[in-house]
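Peer 1: Structural data only, the sequence is not supplied:
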């Protein structure tokens, strides 16, 4: 007797809500670490999905749709949310139910969107989030009455404290049917009427209106103060960059020691030969030189994620708007540009929140001038080798030089933006409108998950692009082998040496030697590869010395100071990152802009390095 | 005096002075921008207040509209007229 099991269908539920409603916190609380981050096909909008177990035994897929104010999109992110709700997003199944996440402290605005969603007819649960913050502000909401008035379940939640999750799951299991509902086909029309309806509904269910945002307003009195505000922002950024260097010191030492120990293990266990050389000098030296900077990158991301989640990021945008306006941008560009300090790729992706196409393009083009974390390895090695580790007042000289390099990048970006807005991206300034959310204490889980996602992305890059290019470079630097009676260093006989020699005349006027010219070629894959490339080139250059020796020691002997300074100046502008060019191609949908970006950055880097070199030589350094 | 004579642009409010939105010059805005203003809660009859003016020239403004705080530049703020609460 055969029993045919029914085909189990996995229902799909989407979290939908205004930006700042706490949607992502709720998503993290519901799915924990069981989440998958990917991309929607064709567009570069992030797709976050996870699995939740319903109390009735079913599991359903939960997707975190981009935050939006309405079903009328103004950006590609918002278009994904609309298309997913209407069941016409490629790569997304039609939805079984919607969880509308709303902020209890901003009921009237968020209820308008709930009314818009309810009109679609899909099964709906309202997550009345941040009820704790509402209570703190003295706002009391009759959730039962709200549910009655709306005709849908309303669950009070505090996502960051995991409150209300079971009730939410129970409500979902009650409204998800056996078969998926028919996708809706049109949004409700009159915005102003819905707005009015939402306001009167909010007035009916709020039993006490309290003093909304009392705490945020107190903090803003300081954070947005005309004098203290900008000083505080400068202090936050300065502290962040000092922390990146000083906190990371100890863990970086452990990683270096670990790599050296592995190399020694291999050298003891394996016979001398090309395989050992490949593993020690190619793979371990190359990847090790990059992974060692993971602590710095994590600290930088930790600051950026925390600033985002506390709500301070938009205050920074508010404070910076005037300055951005002077170069033809607006405060919104500040957040993508600040993210570009970690990596230009997420920074360029974050420009999707800029609604004006011209502003967006300008921001994309200048994003690589923000000193990304991939440049940190390069700066760290060169600063470590050439800048003495002494104190100037309360600060370390090395930290100050790093700070100066960041400032140079920012100034370069401001000049570039001004020039671009007058030429290739000329046009009217777009209106600037930005919600300033209330301040929140970030949940450890949200910071942790954000950090984990970004660390994995960095290590995946280190494990693929960087590993591949260091192995290719090792091959180029190892073959052909030098003749038995060769008098020159082995590198001179290799393919890499020949490529370096061919490029040398191009870079010689700006003080770069052949080894730098060699390292810049694989460095095209990603900026930090230049470090591992230098490591490989110098480790193989002198076979009599211990190959695991520190790159810093080697550079000190090999480069005059003006060359080192020119190399730093080069990296402030250098267009050396295939990922940045690829994401620009994707985000601008043409090859024109990445090619333009490459050319203008190359020219700027060449000029900056040349000026630095000749000025340093003239100054007698 | 007609009621319209008592209207004045929102950017003339002092910090902390509460008023009601009397009129929004939607014709002076792109349709998209007018819609986003509405989505952010700017509507006739809603209470507003200027919370902060940015450093370096007092632009942009941080405006409380209902329970929301929105940053906008003065050239747009001039299109929003208010009357005494």
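Peer 2: It's in. The structure presented is a predicted model; accordingly, all values stated were derived computationally and were not measured. Numbers count the residues shown, from 1 in each chain, chains lettered A, B, ... in the order given.

Peer 1: quick one, helices of the stretch 51-200 of chain A?
Peer 2: A:76-85, A:107-118, A:131-136, A:143-150, A:165-175, A:191-205 (DSSP state H, counting those that start in this stretch).

Peer 1: export these to JSON lines and tack on mean pLDDT?
Peer 2: Putting the helices of the stretch 51-200 of chain A into JSON lines (pLDDT from 0 to 100) gives the following:
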{"stretch": "helix A:76-85", "mean pLDDT": "88"}
{"stretch": "helix A:107-118", "mean pLDDT": "92"}
{"stretch": "helix A:131-136", "mean pLDDT": "88"}
{"stretch": "helix A:143-150", "mean pLDDT": "94"}
{"stretch": "helix A:165-175", "mean pLDDT": "94"}
{"stretch": "helix A:191-205", "mean pLDDT": "89"}
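
Peer 1: Out of those, indicate the one that is most buried.
Peer 2: Greatest average neighbour count among the helices of the stretch 51-200 of chain A goes to helix A:107-118 (a mean of 24), per mean count of other C-beta atoms under 10 Å in any protein chain shown. All C-beta spots, glycine's among them, are computed from the backbone N, C-alpha and C.

Peer 1: Measure how that one sits relative to helix A:143-150, angle-wise.
Peer 2: 40 degrees (axes from the mean of the first three to the mean of the last three C-alpha atoms, to 10 degrees).

Peer 1: From the structure, what's the count of residues near the residue lying closest to residue A:410 once chain neighbours are set aside?
Peer 2: If the residues on either side of it in the chain are set aside, residue A:410 comes closest to residue A:370, at 7.1 Å by C-beta to C-beta, 6 or more residues apart in numbering or on different chains. Using other C-beta atoms under 10 Å in any protein chain shown, the number of residues around residue A:370 comes to 22.

Peer 1: next one: residue B:9
Peer 2: Neighbours of residue B:9 using other C-beta under 10 Å come to 14.

Peer 1: Kindly report the same for residue A:415.
Peer 2: Neighbours of residue A:415 under the rule other C-beta under 10 Å: 14.

Peer 1: Show the average pLDDT along the helix or strand where it lies.
Peer 2: Per DSSP states H and E: residue A:415 is located in helix A:397-422. If you average the pLDDT over helix A:397-422, you get 90.

Peer 1: list the helices and strands the lowest-mean-pLDDT helix or strand in chain B packs on?
Peer 2: Least confident helix or strand, chain B: helix B:31-39 with a mean of 86, by mean pLDDT, DSSP states H and E. Judged by 3 or more C-beta pairs under 8 Å, 6 or more residues apart in numbering or on different chains; DSSP states H and E, the packing partners of helix B:31-39 are helix A:191-205, strand A:433-435.

Peer 1: May I see these organised as TSV, with distance to residue A:584 added?
Peer 2: Compiled in TSV, the helices and strands packed on helix B:31-39 are given as follows (distance: least, C-beta to C-beta, whole Å):
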stretch	distance to residue A:584
helix A:191-205	35
strand A:433-435	25
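
Peer 1: Of those, give the one that comes closest to chain B.
Peer 2: strand A:433-435 (4.5 Å; C-beta to the nearest C-beta).

Peer 1: For the closest one, name the packing helices and strands.
Peer 2: Packed on strand A:433-435, when contacts are counted by 3+ C-beta pairs under 8 Å, 6+ apart, are helix A:312-326, helix B:31-39, strand B:68-72.

Peer 1: Nearest to residue A:411, out of the ones you listed?
Peer 2: helix A:312-326 (11.6 Å; C-beta to C-beta).

Peer 1: near chain A, which residues of chain B show up?
Peer 2: Applying C-beta under 8 Å from any C-beta of the partner chain, we find that chain B lies next to chain A at B:29-30, B:32-33, B:35-41, B:43, B:46, B:51-57, B:59-60, B:62, B:64, B:66-73, B:76.

Peer 1: returning to that earlier point: now, of the helices and strands packed on strand A:433-435, which is deepest in the fold?
Peer 2: The most buried one of those (mean count of other C-beta under 10 Å) is strand B:68-72, showing a mean of 25.

Peer 1: residues near residue A:119, how many?
Peer 2: 15.

Peer 1: Tell me the predicted confidence for it.
Peer 2: Reported pLDDT for residue A:119: 90.

Peer 1: What ranges does chain B have for its helices?
Peer 2: For chain B, applying DSSP state H gives helices covering B:31-39, B:74-77.

Peer 1: Quick one: low-confidence residue ranges for chain B.
Peer 2: Applying pLDDT under 70 to chain B flags residues B:1-5.

Peer 1: try 50
Peer 2: Applying pLDDT under 50 to chain B flags no residue at all.

Peer 1: in it, which spans are strands?
Peer 2: B:8-9, B:18-24, B:47-53, B:61-65, B:68-72, B:80-84 (DSSP state E).

Peer 1: Make TSV out of the ones you listed and add distance to residue A:181.
Peer 2: Formatted as TSV, these follow (distance: least, C-beta to C-beta, whole Å):
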stretch	distance to residue A:181
strand B:8-9	48
strand B:18-24	38
strand B:47-53	40
strand B:61-65	36
strand B:68-72	32
strand B:80-84	41
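
Peer 1: Residue A:573: which of those strands is closest?
Peer 2: Nearest of the strands of chain B (C-beta to C-beta): strand B:68-72, 31.6 Å.

Peer 1: what comes up buried for stretch A:417-432?
Peer 2: A:417-421, A:425, A:430-432 (16 or more other C-beta atoms under 10 Å in any protein chain shown).

Peer 1: If we check chain B, which of those residues are in contact?
Peer 2: Answer for these near chain B (C-beta under 8 Å from any C-beta): A:431-432.

Peer 1: Tell me which two in the buried residues of stretch A:417-432 are the farthest apart.
Peer 2: Top of the distance list for the buried residues of stretch A:417-432 (C-beta to C-beta): A:419 and A:431, 23.4 Å.

Peer 1: from what I can see residue B:79 touches residue B:23, true?
Peer 2: No: look at residue B:79 against residue B:23 with C-beta atoms under 8 Å: they stay out of range, at 9.1 Å.

Peer 1: Between the two, which is the more surrounded one?
Peer 2: Shown here are residue B:79 and residue B:23; by other C-beta under 10 Å, residue B:79 has more neighbours (22 against 14).

Peer 1: Could you tell me how far the more buried one is located from residue B:24?
Peer 2: 7 Å (C-beta to C-beta, to the nearest Å).

Peer 1: swap in residue A:196?
Peer 2: In terms of C-beta to C-beta, residue A:196 sits 14 Å off from residue B:24.

Peer 1: Please apply the same query to residue B:43.
Peer 2: 8 Å.

Peer 1: Could you do residue A:444 as well?
Peer 2: Distance from residue A:444 to residue B:24, by C-beta to C-beta: 42 Å.

Peer 1: out of the two, which sits in the busier spot?
Peer 2: residue B:24 (18 against 9).

Peer 1: Not including adjacent chain positions, what is the nearest residue to the more buried one?
Peer 2: Using C-beta to C-beta, 6+ apart, the closest residue to residue B:24 is residue B:80 (5.4 Å).

Peer 1: do the same with residue A:146
Peer 2: residue A:205 (4.3 Å).

Peer 1: follow-up on the earlier one: include distance to residue A:301 when you put the helices of the stretch 51-200 of chain A into TSV, please.
Peer 2: Shown next, in TSV, are the helices of the stretch 51-200 of chain A (distance: least, C-beta to C-beta, whole Å):
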stretch	distance to residue A:301
helix A:76-85	21
helix A:107-118	30
helix A:131-136	26
helix A:143-150	37
helix A:165-175	27
helix A:191-205	37
